[in-house]
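>>> Predicted model, plus sequence, below.
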Amino acid sequence: MAVVNTDILQHSGIRQEKQRSVAAAPAITYRLFLPVILLVVIYSWPTIIVLLTAVSVWISAVLFRWVSVTHTAVNATPSKLSSGIKQLGADLGDLTQSCHKDISTLTSEFDRLSSVQTTAIGGLMQSFTGLEAQTRGLRELVVAAMAKLTSHSSGDGSGSKISHEVNNLIQVFQDNISSLGEGSRQLVDMFNIMREHIDGINRLLKEIEGISSQTNLLALNAAIEAARAGEAGRGFAVVADEVRSLSTRSNQFSTQIRTRFTTTQEAMHKAAYTVGRMAALDMKMSMNSQGRIADIMNEMEHMNGDVATNLQQVDQITSQINHDVGVAVRSLQFEDMTTQLIQHMRNRVLAIDSIQTILGEAAATMVRSAGEETAGSIEHACQLLLQAKDRKKSLANNGPVAQKDMQGGSVDLF
Amino acid sequence: MAKILIVDDEPHMRLLVSAMLKSDKHELCVAENGQSAMDLLKDGGFDVMITDLVMPTKNGIDLIMEIKQALPQLKIIAMSGGGGINGRFDYLPIAKLIGAENILRKPFKREDLSSAVEDILATHN
């Protein structure tokens, strides 16, 4: 296309140059003869008439000579010009054929592009719409969870209501256990007092046993002394026997009491052992749980705080995802714009194809008329080129969609 | 002079009690809990055991009850700051009830410890 234009311009430039060089000769002639003419006009008008006649004859001769030269120049190398134009037309024809094939392929690819885009964007629209709905549902769940968590919180930053209730419950248990401990302490004190009393009674029993033994010994001595006194001591011997009998009975009672006391002491030992086991159990529980309860409460508070923080972050992320999905869904709606752009590109390519057709026709004309009237064929080809230029100009004035990006706004249809 | 075993989970208390009894020319051994004490006692030769009550692994109450079954001749002095939940469960009287010959409430003076040991040894002899 550019070659043709250049040739045409070059051709037009040659002709104009030639015309300028032919017209320059009379102008120089006029400047040379102007003083003579003025003198003649001033001094003799008949002479002027004669001279005008001579000048007109001369101009005629010059014009005849110019026309002859022009005609000779145009037809100077008819065979060379004809073959050049024929070659030019043939090359132009080949080029337009090749371009036509490319444009045909391009049009087909535009159709495929449009089809693929429509299918893909349809799928994306469906996917993003579903994602948007699911994100909305997720956000509602998170908000509900946060509301539930907040409702369980005391609101003064001191922990959740559940935590407080658990704390109160544990405090009640602690108070009860402390009360039991106080009762146990009193019980242990009483047991210890009882043990001291038992020890005292044990000592008293030993005293009684000692007295009984001593009484028995005294009675025995009295009986011996009564026997030694003979008949006079018979009455005293009876008393001594009764005293011995009382001593023996006293000793028997003492033995029975000791037996019972031993049983009582064994029961006391068993009770003390049981109390000891309870105390040991309490000690283990106290050691294991006393610090652990506070740790558990702190862990619960931390856990609640972490859950609340995480939920807030999830809520923020979900909001951001929701926003991003919204933007994606909105952006996908600009499919119209891209489709129209593709359609416009396709139309533009088809228009270029029609220009190629005109150029091909011009090339064919040049080839056909290469051996005939050369000036007429060039003129016809130039007319075809002008027609192509007009079509190109009208093509440039048709704009596609006015928007240049995916920002909001209406789609400017063409 | 007697052979005495000191049982306490706090190292500084073991050191302190040992320092208090050092001038009385006793032979001293230490254990950090009830289980270690039982292992040492099984080797024999001890006259007196001075034990804390609130200890990990095996507490003083369990230890005393076990000793009263296995080594009834061993004399025991229980020492404690009280103990129990909120400090209202006093273990010292329980220790006495289950067989400790003497009790010492922390904090105690060196003289209290010495006299407690001497009393027990005198009664034992």
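Received, thanks. Since this is a predicted model, take the numbers as computed values, not measurements.
>>> got a list of what A:Ala381 touches?
With contact set as C-beta atoms under 8 Å, 6 or more residues apart in numbering or on different chains, A:Ala381 has these partners: A:4, A:362-363, A:365-366. Bear in mind the C-beta positions are built from the backbone N, C-alpha and C, glycine included.
>>> Pull the most distant pair out of the residues you listed.
For the contacts of A:Ala381, the maximum inter-member distance is 12.0 Å, found between A:Val4 and A:Thr365 (C-beta to C-beta).
>>> Which one's more surrounded, those two?
Neighbours were counted for A:Val4 and for A:Thr365 using other C-beta atoms under 10 Å in any protein chain shown; A:Val4 has more, 21 against 17.
>>> And what about the residue in the stretch 151-300 of chain A that chain B sits nearest to, helix, strand or coil?
Using C-beta to the nearest C-beta, the single residue of the stretch 151-300 of chain A nearest to chain B is A:Gly181, 3.2 Å away. Classification of A:Gly181 using DSSP: H, G, I helix; E, B strand; the rest coil returns helix.
>>> Are stretch B:47-54 and chain A in contact anywhere?
Yes - part of stretch B:47-54 sits close enough to chain A to count as contact by C-beta under 8 Å from any C-beta of the partner chain, namely B:53-54.
>>> which residues are contacting that stretch?
Looking at stretch B:47-54 with C-beta under 8 Å, 6+ apart, the contacting residues turn out to be A:283, A:287, B:2-10, B:13, B:17, B:34, B:37, B:41, B:59-61, B:63-64, B:67, B:74-81, B:83, B:91-92, B:95, B:104, B:113, B:117, B:120-121, B:124.
>>> ok, now with 6 Å
Contact with stretch B:47-54 is made by B:2-8, B:60, B:74-80, B:83, B:91, B:120, as judged by C-beta atoms under 6 Å, 6 or more residues apart in numbering or on different chains.
>>> How far off centre is that stretch?
Shown here is stretch B:47-54, whose average C-alpha point lies 1 Å from the average C-alpha point of the whole chain (C-alpha atoms, centre = their mean, to the nearest Å).
>>> same check, this time on stretch B:27-37
Relative to the mean C-alpha coordinate of its chain, stretch B:27-37 is positioned 9 Å out (C-alpha atoms, centre = their mean).
>>> Go through it and flag the buried ones.
Buried positions in stretch B:27-37, judged by neighbour count with 16 or more other C-beta atoms under 10 Å in any protein chain shown: B:28-34, B:36-37.
>>> Secondary structure class of the residue in the stretch 301-414 of chain A that chain B sits nearest to, three-state.
Using C-beta to the nearest C-beta, the point where the stretch 301-414 of chain A gets nearest to chain B is A:Glu301, with a distance of 22.4 Å. Local secondary structure at A:Glu301 is given as helix here, using three-state DSSP.
>>> That one: neighbouring residues, count only.
Neighbour tally, A:Glu301, other C-beta under 10 Å: 14.
>>> ok, now B:Ala2?
Number of residues near B:Ala2 (other C-beta under 10 Å) recorded here: 19.
>>> Was I right to think it contacts B:His26?
Yes - taking contact to mean C-beta atoms under 6 Å, the distance of 5.3 Å between B:Ala2 and B:His26 places them in contact.
>>> residue ranges of the helices in the chain, please?
This is for chain A. Across chain A, reading from the start of the chain, the helices by DSSP state H fall at A:2-43, A:45-74, A:78-151, A:161-229, A:234-332, A:335-368, A:374-397.
>>> not quite, I wanted chain B
Assigned by DSSP H, chain B shows helices spanning B:11-22, B:34-41, B:60-70, B:92-97, B:110-124.
>>> which parts of the stretch 251-400 of chain A sit against chain B?
Taking C-beta under 6 Å from any C-beta of the partner chain as the contact definition, the stretch 251-400 of chain A meets chain B at A:272, A:275-276, A:279-280, A:282-283, A:286.
>>> rerun at 7 Å
A:272-273, A:275-276, A:279-280, A:282-284, A:286-287, A:290 (C-beta under 7 Å from any C-beta of the partner chain).
>>> How about the stretch 101-250 of chain A?
Counting by C-beta under 7 Å from any C-beta, the residues of the stretch 101-250 of chain A lying close to chain B are A:174, A:177-178, A:181-182, A:184-185, A:188-189, A:191-192.
>>> Check the chain and tell me which residue is nearest its centre.
You didn't say which chain, so I picked chain A. Residue closest to the mean C-alpha point of chain A, counted by C-alpha atoms, centre = their mean, is A:Ile321 at 6.2 Å.
>>> Hmm, no, I was thinking of chain B.
Taking C-alpha atoms, centre = their mean, chain B has its central residue at B:Ile50, 1.8 Å away.
>>> before we move on, the earlier item: please indicate which of the residues of the stretch 101-250 of chain A next to chain B has the highest neighbour count?
When neighbours are taken as other C-beta under 10 Å, the top entry among those is A:Val188 (26 neighbours).
>>> wait, what's in contact with the closest residue to it other than its chain neighbours?
Once flanking residues are discounted, A:Val188 sits nearest to B:Pro93: 4.4 Å by C-beta to C-beta, 6 or more residues apart in numbering or on different chains. Applying C-beta atoms under 7 Å, 6 or more residues apart in numbering or on different chains to B:Pro93 gives the contacts A:185, A:188-189, A:192.
>>> let's see 6 Å
When contacts are counted by C-beta under 6 Å, 6+ apart, B:Pro93 is found next to A:188-189, A:192.
>>> Over to A:Asp94?
For A:Asp94, no residue meets the contact criterion (C-beta under 6 Å, 6+ apart).
>>> Same check on B:Ile64?
With contacts defined as C-beta under 6 Å, 6+ apart, B:Ile64 is in contact with B:76, B:95, B:98-100.
>>> Let's have the residues you listed in a markdown table, adding distance to chain A.
Formatted as a markdown table, the contacts of B:Ile64 follow (distance: C-beta to the nearest C-beta, whole Å):
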| residue | distance to chain A |
| --- | --- |
| B:Ile76 | 12 |
| B:Ala95 | 8 |
| B:Ile98 | 4 |
| B:Gly99 | 8 |
| B:Ala100 | 10 |
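>>> May I ask which two of those residues are separated the most?
Greatest spacing in the contacts of B:Ile64, by C-beta to C-beta: B:Ile76 and B:Ile98 (9.4 Å).
>>> Where does pLDDT dip in the chain?
With no chain named, the answer covers chain A. For chain A, residues meeting the criterion pLDDT under 70 lie at A:1-57, A:60-79, A:81, A:151-160, A:289-291, A:370-378, A:395-414.
>>> think we crossed wires, I meant chain B
Low-confidence segments of chain B, defined by pLDDT under 70, are located at B:82-89, B:124-125.
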